[in-house]
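Engineer: coords please:
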Amino acid sequence: MEETELNQSQDFIEAASAPLRTKSSNYPETFAQRMMGRDKRPIGDLFGITQFGVNLTTLHPGAVSALHHQHTLQDEFIYVLAGEVTLYTGTQEHILKSGMCAGFRAGGQAHHLRNCSASDATYIEIGSRVDGDAVSYPEDDLVAVMGADGKWSFEHKNGQPY
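Structural biologist: Numbering: from 1, shown residues only. The predicted structure follows:
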């Protein structure tokens, strides 16, 4: 049995050995390259979880978690396991260290994380999966909508598709 396979009798794995997400970002290419230095392991998917997503994410120094964004229907939660990240909410900055957590309710403030330290930072992120969720990106010409198929479609703010 490979390390990344589930133990069928106990349904567990070592999270750090889970495979990395095959595509580094779902964003259109012009934005995806800004996600360099971010490693996501979609650990919830390995268990067939469909109502919410769970990722083990590592940000290397200088990397960001996502574009500055806000969901209309999805709640998000992060828990810092190791290292230190800077949380940007609206126009404020907060340092989160190992053992700290933050939550973002649907329709709440725009947010993202950046690793401003010289060491890797690892955290767990959990987000609900809601059909029809839309994401706004106040600092970028981008809007995303979750389709009934569970896939994101991306448009410019004027409605033109990417």
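
Engineer: which intervals of this structure have sub-threshold pLDDT?
Structural biologist: Scanning the chain with the threshold set as pLDDT under 70 gives 1-10.

Engineer: got a list of what residue 137 touches?
Structural biologist: Residues in contact with residue 137, defined by C-beta atoms under 8 Å, 6 or more residues apart in numbering, are 67, 68, 69, 110, 143, 144. The way it works is simple: take the backbone N, C-alpha and C, and place the C-beta from them, glycine included.

Engineer: what is the nearest of the residues you listed to residue 131?
Structural biologist: Set against residue 131, the nearest of the contacts of residue 137 by C-beta to C-beta is residue 144 (13.5 Å).

Engineer: my read: that closest one touches residue 151, true?
Structural biologist: No - the criterion here is C-beta atoms under 8 Å, and residue 144 misses it with residue 151 at 10.2 Å.

Engineer: please identify which of the two sits among more neighbours.
Structural biologist: residue 144 (20 against 9; other C-beta atoms under 10 Å).

Engineer: which helix or strand contains the more buried one?
Structural biologist: strand 143-146 (DSSP states H and E).

Engineer: same question, residue 122
Structural biologist: strand 121-128.

Engineer: ok, and what's touching that strand?
Structural biologist: 44, 51-59, 65, 71, 73-85, 106, 113, 115.

Engineer: go with 6 Å
Structural biologist: 52-55, 57-59, 74-85, 115 (C-beta atoms under 6 Å, 6 or more residues apart in numbering).

Engineer: quick one: the strands in this protein, in order.
Structural biologist: In the chain, the strands defined using DSSP state E lie at 38-41, 52-59, 70-71, 76-82, 84-89, 92-97, 101-104, 111-114, 121-128, 134-136, 143-146, 152-155.
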